[in-house]
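Visitor: with the sequence up front, the predicted model follows.
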Amino acid sequence: GLELDVLPVTAYERLLGLLPGAEAEDVGRAIVRQRAVKSPYEIERIAAAAALVDAVWDFAPRVLRAGLTEAEFAGLVEAEARRLGHQGVIRMRGFNQEMFYGQLLTGPSATAPSFLDTPLAGTGLSPAVAQGVSFRRIAAGDPIVFDFVAVREGYTADFTRMLSLGPLPEAVRDVYTVALEVQAAAVATARPGATCRAVYESAVAVAERRGLGAHFMGCGPEQVRFIGHGVGLELDELPVLTTSDAPLEEGMVFALEPKFVLPGVGAVGVENTFVVERDGLRALTRAPEEPVEVPLGA
């Protein structure tokens, strides 16, 4: 059995050359499906990663100040994550999908699309890696999206919160309220036996009812067609909360990430990592969800 979804063709051909007469069977999807339901040990490891990202979030507003670029702010936050035990490497299964720590994006730079299969990517430091932080200087009132991934002992937790230098514009706060409503609808729907489609459609329905469907999970042709993804040893595991009729199962762990892209303004959203339990979801990321407004004179 070979994982043909990730095995390079040259390695595949070499293996078959070493085993004359052998037939290869693709077991990649079977392994991915097996890993979708986590053991109690794995859930403990993901919870430890979630506690780490909660702690990093507690630290981030304390080092945000006027005059910093996105890259400078991210560097301070990333150093704290490493000090707390973040392993630094984020594994992804998708072809050519990669990420460094996560996205710490401000204002309009958060609206830039990317090859990365995510609603938010950022402009990056150069076209060589067109995602993540840039040298853009953070301005007062910018919506700052703290979309961070922590990995501890190999296991991943994903998390998003909002902050700003000075007050957030009321229009941005209004959209954030909708993001929380979307999250609440999805959480109320998700339980063992519920389909990924049901959870996805419950979220989309709220966004559309509130007049933000065109900005939900991206904008225009860059909209992604999911609202959450499994996490574990990799950042892009099953279940994927999309238009799939696959049912949720007890022990699955996923990040739920309702986000909105507002051209010319920035991005707005929230994200938490949840475990599916018998009666519904339990949040592993537990930091307060209220946006943090850092005083300009701090």
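Guide: Great, that's in hand. Residues are numbered from 1 along each chain as shown.
Visitor: C-alpha only now, for contacts and for neighbours.
Guide: Fine.
Visitor: list the buried residues of the longest helix anywhere in the chain.
Guide: The residue-count maximum for a helix in the chain (DSSP state H) belongs to helix 40-63. Within helix 40-63, the residues that count as buried by 16 or more other Cα atoms under 10 Å are 42-43, 45-57, 60-61.
Visitor: go on, stretch 214-225?
Guide: Those would be 214-219, 222-225, for stretch 214-225 by 16+ other Cα under 10 Å.
Visitor: distance to residue 263, secondary structure and pLDDT added to those residues, as TSV?
Guide: Below are those laid out as TSV (distance: Cα to Cα, whole Å; DSSP: H, G, I helix; E, B strand; the rest coil; pLDDT from 0 to 100):
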residue	distance to residue 263	secondary structure	pLDDT
214	11	helix	97
215	9	helix	97
216	12	strand	98
217	13	coil	97
218	10	coil	95
219	8	coil	91
222	12	helix	87
223	13	coil	94
224	16	coil	95
225	19	coil	95
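Visitor: and those residues, which is closest to residue 113?
Guide: Set against residue 113, the nearest of the buried residues of stretch 214-225 by Cα to Cα is residue 222 (6.6 Å).
Visitor: now the nearest residue to that closest one once chain neighbours are set aside: how far from residue 173?
Guide: Excluding the flanking residues, the one nearest residue 222 by Cα to Cα, 6 or more residues apart in numbering is residue 113, at 6.6 Å. Going from residue 113 to residue 173 by Cα to Cα, to the nearest Å gives 23 Å.
Visitor: the two: who's more crowded?
Guide: Legend: neighbour count by other Cα atoms under 10 Å for residue 113 and residue 173, higher for residue 113 (21 against 17).
Visitor: surely the more buried one meets residue 223?
Guide: No - using Cα atoms under 8 Å, residue 113 makes no contact with residue 223, being 9.2 Å away.
Visitor: find the residues that touch each one of these two.
Guide: The contact sets of residue 113 and residue 223 overlap at residue 119 (Cα atoms under 8 Å, 6 or more residues apart in numbering).
Visitor: now do the SS call for the residue nearest to residue 222.
Guide: Of the three states, residue 113 takes coil according to DSSP: H, G, I helix; E, B strand; the rest coil.
Visitor: how far away is residue 257 from residue 203?
Guide: As judged by Cα to Cα, residue 257 and residue 203 stand 10 Å apart.
Visitor: between these two, what contacts are shared?
Guide: Common contact partners of residue 257 and residue 203 (Cα under 8 Å, 6+ apart): 183, 227.
Visitor: which parts of the stretch 51-200 of the chain are helices?
Guide: 70-84, 170-189, 196-209 (DSSP state H, counting those that start in this stretch).
Visitor: how distant is the first one from the center of its chain?
Guide: Distance of helix 70-84 from the chain centroid (Cα atoms, centre = their mean, to the nearest Å) equals 18 Å.
Visitor: go on, the second one?
Guide: Centroid separation between helix 170-189 and its chain, computed with Cα atoms, centre = their mean, is 16 Å.
Visitor: so what secondary structure elements neighbour that helix?
Guide: helix 196-209, strand 259-262, strand 266-269, strand 280-283 (3 or more Cα pairs under 8 Å, 6 or more residues apart in numbering; DSSP states H and E).
Visitor: one more pass at 10 Å, please.
Guide: Counting by 3 or more Cα pairs under 10 Å, 6 or more residues apart in numbering; DSSP states H and E, the packing neighbours recorded for helix 170-189 are strand 155-165, helix 196-209, strand 253-256, strand 259-262, strand 266-269, strand 272-277, strand 280-283.
Visitor: now it: average pLDDT?
Guide: The pLDDT scores in helix 170-189 average 98.
Visitor: flag every buried residue along it.
Guide: For helix 170-189, burial by neighbour count (16+ other Cα under 10 Å) applies to 172-173, 175-183, 185-187, 189.
Visitor: before we move on, what about the first one?
Guide: Applying a neighbour-count criterion of 16+ other Cα under 10 Å, the buried positions in helix 70-84 are 70-74, 77-78, 80-81.
Visitor: distance-wise, check the residue nearest to residue 222 relative to residue 220.
Guide: From residue 113 to residue 220 the distance is 10 Å (Cα to Cα).
Visitor: can you check residue 184 too?
Guide: 25 Å.
Visitor: lowest-scoring secondary structure element of this structure by mean pLDDT?
Guide: When the helices and strands of the chain are compared on mean pLDDT, DSSP states H and E, strand 102-106 comes out lowest with a mean of 89.
Visitor: what angle do that strand and helix 70-84 make?
Guide: 140 degrees (axes from the mean of the first three to the mean of the last three Cα atoms, to 10 degrees).
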